[in-house]
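Asks: Sequence and predicted structure, then a few things I'm wondering about:
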Amino acid sequence: MYVKICGLRDPQHARAAVAAGAHAVGVVMNRTSARRATDDEARAVIAAVDGRADTVLVVNDLPAAEAAATAHRLGFDVLQLHGPAYGPDDFAEALEATPRVWRATSLDHDPPLMTGAWGEEMLLLDSPDAGSGDRWDLSSLAGAAPAGKWLLAGGLSPDNVADAVRSARPWGVDVSSGVEVARGVKDEKLITAFVHAAMSGAA
């Protein structure tokens with residue numbers, strides 16, 4: 001079970017995620033996000049991970065070329081283009097500058113779904129209101145789960161992720177608000193609990 005902890009700005013939280021067994025950490029650099037990281041914060045998170053997990057730049061409101069250049073400049077492993085603002089041409093443009101690009105979307109925006117349809121390495125399936133922490137009806141995945149490697153996101157927490165994994169059978173999971181004590185404020189104990197619960201659901 002591949003686990004990504006997203007929305008990190010504090011290197012200590014990145015270290016906690018990796019120590020717990022997370023496979024990726026995400027840094028949000030949207031212009032309008034409450035979780036937006038500065039360049040220095042992004043570099044500190046990447047340094048804290050020190051190659052032990054994938055580092056993912058997450059954007060939803062930057063032009064694809066600018067996002068790819070930012071990922072390259074700061075040293076991220078992966079660029080995640082999130083939401084309906086991006087189309088196939090954006091992914092083609094990003095892939096010219098960085099080899100690893102993920103696509104994040106929802107069933108509301110892009111049914112049916114297949115990982116790699118736009119050249120992406122990974123597909124992330126989120127709730128229609130990304131970053132809100134709102135849960136969505138996983139029963140809608142019946143017969144509509146993405147083909148290929150994909151991550152489940154949206155409203156997950158240490159309390160529900162194991163059941164969500166057993167129900168939806170994703171390749172991996174992604175969390176942000178579910179490991180926060182306030183909007184944009186992560187908690188090390190919740191990060192650790194989430195990783196362990198996700199793994200238990202896949203056992």
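Replies: Ah, there it is. What you see is a predicted model, and the numbers here were worked out from it, not measured in a lab. Numbers count the residues shown, from 1 in each chain.
Asks: for Ala48, phi and psi?
Replies: Here is the backbone geometry of Ala48 (degrees, to the nearest 10): phi -70, psi -40.
Asks: brain fart, Cys6
Replies: Dihedral angles (degrees, to the nearest 10) for Cys6: phi -110, psi 160.
Asks: try Leu74
Replies: Taking degrees, to the nearest 10 as the convention, Leu74 sits at phi -90, psi -20.
Asks: Please apply the same query to Gly148.
Replies: Torsion angles, degrees, to the nearest 10, at Gly148: phi 90, psi -170.
Asks: Next, the contact list for it, please.
Replies: Contact analysis of Gly148 by C-beta atoms under 8 Å, 6 or more residues apart in numbering lists 114-116, 123. Every residue, glycine included, has its C-beta placed from N, CA and C.
Asks: Identify the single longest helix in this structure, thanks.
Replies: For the chain, the helix with the greatest residue count under DSSP state H is helix 188-202.
Asks: for it, packing partners?
Replies: Helix 188-202 sits against strand 2-5, helix 11-20, helix 161-168, with contacts defined as 3 or more C-beta pairs under 8 Å, 6 or more residues apart in numbering; DSSP states H and E.
Asks: would TSV of the ones you listed with mean pLDDT, distance to Asp77 and mean neighbour count be doable?
Replies: TSV is the format used below for the helices and strands packed on helix 188-202 (pLDDT from 0 to 100; distance: least, C-beta to C-beta, whole Å; neighbours: other C-beta atoms under 10 Å):
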stretch	mean pLDDT	distance to Asp77	mean neighbour count
strand 2-5	98	12	26
helix 11-20	98	13	20
helix 161-168	90	23	19
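Asks: any chance of those in JSON lines, plus distance to Ala34?
Replies: JSON lines is the format used below for the helices and strands packed on helix 188-202 (distance: least, C-beta to C-beta, whole Å):
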{"stretch": "strand 2-5", "distance to Ala34": "16"}
{"stretch": "helix 11-20", "distance to Ala34": "15"}
{"stretch": "helix 161-168", "distance to Ala34": "22"}
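Asks: out of those, which comes closest to Ala68?
Replies: Comparison of the helices and strands packed on helix 188-202 against Ala68 by C-beta to C-beta identifies strand 2-5 as nearest, at 19.4 Å.
Asks: ok, the closest one: who's next to it in the sheet?
Replies: Note on strand 2-5: by DSSP bridges, its sheet partners are strand 24-28 (parallel), strand 172-175 (parallel).
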